[in-house]
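[1] Can you look at this prediction? I've put the sequence above it.
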Amino acid sequence: MAKSNGTFAAELSVLFVLSVLLNTPRAMAADKLRIGYGAPSVAMATLWITKEGKLFEKNGLMSRCFI
């Protein structure tokens, strides 16, 4: 008995989605951060305070802030 086009398309879609999900590489943790911001301002104060307080280094991250 032949399958209908709708059933075949649904099975093919499920197979495609599963193949994409199962073949994705594992995410790797970042060791170094490069942070850029446009100008020293109140909105970017959190980055500056975190960098000057060495909070990135205390948590095992190397970072560079660029203006």
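    Good, I have the coordinates.
[2] only C-alpha atoms for contact and neighbour calcs from this point on.
    Fine.
[3] Doesn't Pro40 belong to a strand?
    No. Applying DSSP: H, G, I helix; E, B strand; the rest coil, one finds Pro40 to be coil, outside a strand.
[4] what about it, distance to Glu57?
    21 Å (C-alpha to C-alpha, to the nearest Å).
[5] and Leu33, what does it touch?
    Contacts for Leu33 (C-alpha atoms under 8 Å, 6 or more residues apart in numbering) come out as 61-64.
[6] so which strand or helix has it?
    strand 32-36 (DSSP states H and E).
[7] how big is the angle separating the helix or strand following that strand from strand 32-36?
    For strand 32-36, the following helix or strand on the C-terminal side (DSSP H and E) is helix 45-52. On the basis of axes from the mean of the first three to the mean of the last three C-alpha atoms, to 10 degrees, helix 45-52 is oriented at 140 degrees to strand 32-36.
[8] what helices or strands is the next helix or strand after helix 45-52 leaning on?
    Per DSSP H and E, the first helix or strand lying C-terminal to helix 45-52 is helix 55-58. Where contact means 3 or more C-alpha pairs under 8 Å, 6 or more residues apart in numbering; DSSP states H and E, helix 55-58 is packed against strand 62-66.
[9] again, only using 7 Å
    Of the remaining helices and strands, none touches helix 55-58 by 3 or more C-alpha pairs under 7 Å, 6 or more residues apart in numbering; DSSP states H and E.
[10] Which positions in that helix come out as buried?
    Neighbour-count burial for helix 55-58, counted by 16 or more other C-alpha atoms under 10 Å, picks out Phe56.
[11] which stretches of the chain have low pLDDT?
    Scanning the chain with the threshold set as pLDDT under 70 gives 1-5, 23-31, 67.
[12] list the buried ones in the longest helix seen in it?
    Determined from DSSP state H, the single longest helix within the chain is helix 5-22. Of all the residues in helix 5-22, not one is buried under the rule 16+ other C-alpha under 10 Å.
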